[in-house]
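[1] how does the following fold in three dimensions:
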Amino acid sequence: MPVTCVSTSVLALVLLAASTLPPVGDPYTAKGRIERIDRGVDAITTWIALQTGDPLAVQASPDSQPPPVGSLIRITGTRRDDLVLAGPNGHMRRYPVVHTSGAWTSTNTPAPRQTWLVWVLGGLFLVVCTLMIVLGRSGCQRRNRASTETQIPSFETVLLPADPVDALAELARQADEEEA
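    Purely as a prediction, here's the structure:
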């Protein structure tokens, strides 16, 4: 008995999902996000994830220009026969198809996929700038501290003896006087 209830409820869900789509040949309007665009010789098939999460195949002429992948769109067209394809798990699956004349209505422009890269590079730039400022200030403080602790040697012209040994002795004597 429970098996019958489960199969009946599954059947009811399938019928409920199928009843939301109009019959073949009727006008159909849907909103969703473009997930993939397949360009064929005779048509472009654009795969849209509907707001309900179900996939929808939208077929248009090859000269049609759909918005880029990731765009939110509203599409109006004519309901066609379902497309039967093997899914990722290998099982055959039916996908509803809408044929449009190529009138794509974009409800927004897609956000670039690399926005995270901009944020990472911007953060890295701020960290590098902060480190340069901090290290630059500490380097200036070290230079200032070093310059106040040492005295600048005086470069007075002192007559030194011509003999190199006597000249070195005179320089050593002057250095001893400056230290004391």
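
[2] as a whole number, average confidence for the host helix or strand of G136?
    G136 is part of helix 115-149, with elements assigned from DSSP states H and E. Mean pLDDT, computed over helix 115-149, is 79.

[3] which is the next helix or strand following it?
    Past helix 115-149, the next helix or strand by DSSP H and E is helix 164-179.

[4] contacting residues for W104?
    64-67, 73, 75 (CB atoms under 8 Å, 6 or more residues apart in numbering). Where you see a C-beta, it was placed from the backbone N, CA and C, and this is true even at glycine.

[5] sort out which of those are buried, if you could.
    Using 16 or more other CB atoms under 10 Å as the burial test, the contacts of W104 include 64, 66-67, 73, 75 as buried.

[6] closest one of those to V58?
    Using CB to CB, I75 comes nearest to V58 of the buried ones among the contacts of W104, at 5.4 Å.

[7] in the helix or strand hosting K31, what's buried?
    Using DSSP H and E, the element containing K31 is strand 27-39. Residues of strand 27-39 classed as buried: 28, 30, 32-34, 37 (neighbour count, 16+ other CB under 10 Å).

[8] for the residues you listed, which two are the farthest from each other?
    Spatial extent of the buried residues of strand 27-39 (CB to CB) is set by the pair Y28 and I37 at 19.3 Å.

[9] related to what we said a few turns ago, how about the contacts of W104 in TSV, adding pLDDT and secondary structure?
    Below are these laid out as TSV (pLDDT from 0 to 100; DSSP: H, G, I helix; E, B strand; the rest coil):
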residue	pLDDT	secondary structure
S64	77	coil
Q65	80	coil
P66	81	coil
P67	81	coil
I73	84	strand
I75	82	strand
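
[10] out of those, which comes closest to W119?
    When the contacts of W104 are ranked by distance to W119 (CB to CB), P67 comes first, at 24.5 Å.
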